[in-house]
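Student: here is my input; please provide its structure:
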Amino acid sequence: MKRVILFIAILAAVLPTLGQNCYWVMLTDKQGTTFDPYTYFDAKAIERYQQNGADLYDLTNYPLNAGYVAQVDALATEDFGTSRWLNAVAVMATPEQIEAIQRLPFVREVVALRGDMQPARATEAEPFVLDEQTGRQLHNQLLRMGGQYFRAKGIDGRGVRIAVFDGGFPQVNTHAAFQHVRDEGRILKTWNFPNKKEDVYGWNSHGLMTFGCIAGRQGDKDLGLATGAEFLLARTEVETEPFKEEVWWQMAMEWADKNGAQIISSSLGYGKDRYYTKDMNGQSYVAKAGNMAARKGILVCNSAGNEGDDNSWRSIITPSDADSVLCVGGINADMNSYRRTSFSSYGPTADGRQKPNVTAFAYAWTANTGSSNDRYREAPGTSFSCPLVSGFAACALQSHPELTAMQLFHEIEKSADLYPYCDYTYGYGVPQADYFTGDRKPVQPTFRFEKVDSTGHLRVIPLQDNPQKCYVFVKNSAIGKIIDYRQWELNGFPTDGWLDIPTGDIITVHYNGYTESYTLGNSLGGYMECYLGGTLADNVGEHELYDNPHKSPSFIDETKGQWDIYYSLGLPVTMGDEMIVSVWSPANRVGFRWARMFTKAYGWGIGAEYGCNSYRFGSKSQSNALDRMLGTDALVENADKIHHHRAEVNQCSLEIFQRVRLVPGGALFHKGLHWDLGGYISKATNVYQVKYSNNTDLMAESRDVRLNNVTPLRGDKLLYGVVTRLTNDFYGIYARYNLQNLGKELSPDEVALPRLEVGLQLVF
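Tutor: This next block holds a predicted model:
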């Protein structure tokens, strides 16, 4: 009984903790507060506000009412952050505490947080030693953006201030890749938001690698373009806080604003682990923070995400879905063509807006942690295309310091090598430095449109002999959105492919640096066939990476239901006055479960299973007890001859449970780690068998028996109990406890079998 009490006490301790959630408590006003921007803001921030025409005295810059915050704190379990921009306090609280907070007269609303901000990186790669080939590729990640034009004019981001958000920056304070930054004192401020201290030089090495793509060096080779910029480093992401990171990211935005950041590089984001595709509409709180930062004169660069090879996710991640956040997608490390990496997320947003904005290499060479400071590595992920573009943006701003944040945003788009062509995979393409340095040469036509009057067909005729890929998209003129886009090998006629294009829509073709559009006129049936001289590039070379063509982009409302089919193997655990059974007393169960997730973190479910408990008893030690139970002297009289005696309890069970998602899914485990707690009810049937050493049944009968607390006499009762489990996609552990007759005293003719069962579970 003591163990039962301990088991229940543990559940009682754990459940209130899991019952807590994180919330933004939105306040009604900032009554009684005062604000002096010239003492609050860094001089660089004031300069930025003035250049961008932003209001230093905007109410969002004022502090929160301290009295309001104190009253909220008194009711909540924990206050772990505040936001001036939102006029809000971030708290952890139970439902009862939230009800009390909502009754405060100055609370406008309470919003549950959805978190789990993840680094936008793909699978890991091994550290490597720089050789001639990798050295060339390292240089290519900057050459692909025309970085040599910046370097020829001495442009390296000097005077531009960049804030980098990540999960930690281990060895940035010692690594040789950043020696030049440290020597000149250009890491101006740091802040660790989870730990509330300045030290950021530890934890997740992801930040070291992203920072390397902005400002790192290896010997005399640059890893990023902004090697001369100033930096603010903020740790906002941890491994085990699925809700607080949204708050820390918001607080880091305000911290960067205060300390004069002109560019923010964030290789973090929220995607399939906490949101649904339909939520990628620019309305998350981090997306709103990105837009507000833009209004205050900051260019926010954010990774598109790495959900591109997940067919259940059809968009980018937030905050990249914000209008004013520069979303950066990823391409393979190829100097001559465009190939989307399999993992790079693609657009549009859930409400049909153009994303990503631009792309860059999603395979970068950058600094790496290790025992030696000269270690570097290949790092895959849009985490690294984003900082490459952030460094590019710093150089662009240095070359044109008169630009506002949104002017810089659009100029970077215009500089890209596919512009004005755009699609949902590449955006406008890779930004090019020659646009900002004045070295870009005029582009000559490389193809022409030709309408065949006799058929109503529109042909695209290449004007060059060397076949290259062209990029085609069709935009619906009525709604202004792309409805189809493809990549072709343009190599003359006859052609192997064509597009059926609705009348009045606009076809845009980009071929070898030249872009031209054509508005379709009348044609038979309201459609015009556009012939392209060549074949779909999907049929040429390695194009399993493409999901194109996209037809009428639609968004999957990912199912909130999760199905499990499982097999369990368990063993009984004897406690207190229960009959001791052999360790070879297996419980085999098969069943299915269905959980309806109301959020990505919490849901309820039902299940059904069939199971068999096979209890094996000692040959002599328990003969008297079993004899009393059966009302016969057979066991005692033949105890020396008993080979084994066994009770089989067969159960058909129904279950209802709650599911809490403890760890989100990733590349391998899309469901993540779940904790389930529920109750069950079972209908049971039983048989009891005795076997003797001579393998003959001296007691040749099977009968219904009374096995107290496990199964009812003659099946006239139902069993009930509690079940809990911790499961991943494929495996887990579980415990099952029978509550039937719990606490009742046993009569002399009753025997208590084990109530607790624990074991392993395989999920299919």
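Student: Gly159: neighbouring residues, count only.
Tutor: 14 (other Cβ atoms under 10 Å). Where C-beta positions appear, they are placed from N, C-alpha and C, glycine not excepted.
Student: which non-adjacent residue is nearest it?
Tutor: Gln398 (6.1 Å; Cβ to Cβ, 6 or more residues apart in numbering).
Student: got the contact list for the one you found?
Tutor: 155-160 (Cβ atoms under 8 Å, 6 or more residues apart in numbering).
Student: can you say which of these are buried?
Tutor: Among these, those scoring as buried are 155-158, 160 (criterion: 16 or more other Cβ atoms under 10 Å).
Student: let's have the residues you listed in a markdown table, adding secondary structure and distance to Gly759.
Tutor: Converted to a markdown table, the buried ones among the contacts of Gln398 look like this (DSSP: H, G, I helix; E, B strand; the rest coil; distance: Cβ to Cβ, whole Å):
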| residue | secondary structure | distance to Gly759 |
| --- | --- | --- |
| Ile155 | coil | 64 |
| Asp156 | coil | 61 |
| Gly157 | coil | 59 |
| Arg158 | coil | 63 |
| Val160 | coil | 59 |
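Student: for the residues you listed, give me CSV that also has pLDDT and distance to Arg144.
Tutor: As requested, those are exported to CSV (pLDDT from 0 to 100; distance: Cβ to Cβ, whole Å):
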residue, pLDDT, distance to Arg144
Ile155, 97, 17
Asp156, 96, 18
Gly157, 96, 18
Arg158, 96, 22
Val160, 98, 21
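Student: in stretch 364-383, what's buried?
Tutor: 364-369, 375-383.
Student: can you tell me which of the residues you listed is closest to Leu223?
Tutor: Nearest to Leu223 among the buried residues of stretch 364-383 is Thr366, at 5.4 Å by Cβ to Cβ.
Student: identify the bridge partners of Ser266.
Tutor: Phe165, Asn302 (DSSP bridges).
Student: and the pLDDT at it?
Tutor: Predicted confidence (pLDDT) for Ser266: 95.
Student: do Arg377 as well
Tutor: With respect to pLDDT, Arg377 scores 83.
Student: again with the one 3 residues further on
Tutor: With respect to pLDDT, Pro380 has a value of 85.
Student: pull the most distant pair out of the buried residues of stretch 364-383.
Tutor: Maximum distance among the buried residues of stretch 364-383 (Cβ to Cβ): 23.1 Å, for Arg375 and Thr382.
Student: adding distance to Trp675, write the buried ones among the contacts of Gln398 out as CSV.
Tutor: Below are the buried ones among the contacts of Gln398 laid out as CSV (distance: Cβ to Cβ, whole Å):
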residue, distance to Trp675
Ile155, 53
Asp156, 50
Gly157, 47
Arg158, 52
Val160, 47
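Student: and those, which is closest to Thr446?
Tutor: Using Cβ to Cβ, the buried ones among the contacts of Gln398 come closest to Thr446 at Ile155, 30.0 Å.
Student: what sits against that closest one?
Tutor: For Ile155, the contacting residues are 395, 398-399, 437, by Cβ under 8 Å, 6+ apart.
Student: any idea how far it is from Thr236?
Tutor: From Ile155 across to Thr236, the span is 29 Å (Cβ to Cβ, to the nearest Å).
Student: tell me how many other residues crowd His180.
Tutor: Counted with other Cβ under 10 Å, His180 comes out at 14.
Student: all strands of the stretch 651-764 of the chain, in order?
Tutor: For the stretch 651-764 of the chain, strands defined by DSSP state E, counting those that start in this stretch occupy the ranges 673-692, 719-727, 731-738, 756-763.
Student: which of those strands comes out lowest on mean pLDDT?
Tutor: For the strands of the stretch 651-764 of the chain, where the average pLDDT is lowest is strand 673-692, sitting at a mean of 80.
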